[in-house]
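Undergrad: Any chance you can model this:
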Amino acid sequence: MIGFNNSTPSPLTSLDVSDNSFTGSIGSDISQLSGLAYFYLMHNMITGPIPSSLAALSQMKYLVMHNNVLTGTIHDFNNQSLLQYFDVYSNSLTGTVYYGDTITFFVGHYAMHIFDIY
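TA: Numbering: from 1, shown residues only. Model (predicted):
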C-alpha cells in the first residue's frame, strides 16, 4: 500500500514514484499530503480504487496514474480548481469526470487529459 504515517500535514508538493513496479493500493491517508500538487504514479502495478481522499487534495495540478491496475469509479474532482492534467489511461476505471462546467466521459482504457483550465 502506498500510504503515509504522519499526524501532521506534509509540506511535500511533488511525489514521483513512477516506473518502480510497486504493487498494492493507494491508502486513504494520502490526504495527509495536503500540499501535494504533482503526483506521478505511472507504470506500476497499483491495484484497487482511487481513494476519495485523493480527489479532495485541493492543491493538485498534475495527477498522472496511467498504466496501473486501478479499478472502480473515478471520483468527483470539482474541488480541484488547480487541476491541469489528469491522466489515468490504461487502467480499468469507469465513470464520468465532472470538472466545473466541463463534462468529460472516461470509460475503459481511454485517455482523458485536462489542459490549461482556468
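Undergrad: Asp29 and Leu57 touch, don't they?
TA: No - taking contacts as C-beta atoms under 8 Å, Asp29 lies outside contact range of Leu57: 12.0 Å. C-beta coordinates here come from the backbone N, C-alpha and C atoms, glycine included.
Undergrad: What strand or helix carries the residue nearest to the spatial centre of the chain?
TA: Nearest to the mean C-alpha position of the chain, counting by C-alpha atoms, centre = their mean, stands Leu63 at 4.7 Å. Element membership for Leu63, per DSSP states H and E: strand 62-64.
Undergrad: In its sheet, which strands sit next to that strand, and in what direction?
TA: strand 38-40 (parallel), strand 85-87 (parallel) (DSSP bridges).
Undergrad: right, and the helix or strand after it?
TA: strand 69-73.
Undergrad: mind listing what that next one pairs with, with the direction of each?
TA: strand 45-48 (parallel), strand 92-94 (parallel).
Undergrad: With just CA atoms, put that strand into CSV.
TA: Only the C-alpha atoms of strand 69-73 are listed here, as CSV (Å, rounded to 0.1, in the frame of the first residue of the first chain):
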residue,chain,number,x,y,z
VAL,A,69,-4.3,-1.9,-12.5
LEU,A,70,-6.7,0.7,-10.9
THR,A,71,-10.3,-0.3,-10.7
GLY,A,72,-13.6,1.3,-9.7
THR,A,73,-15.3,4.6,-10.3
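Undergrad: which parts of it are buried?
TA: Neighbour-count burial for strand 69-73 flags Leu70 (criterion: 16 or more other C-beta atoms under 10 Å).
Undergrad: what do you get for stretch 34-50?
TA: In stretch 34-50, counting by 16+ other C-beta under 10 Å, buried: Leu36, Ala37, Tyr38, Phe39, Tyr40, Leu41, Met42, His43, Asn44, Ile46, Thr47, Ile50.
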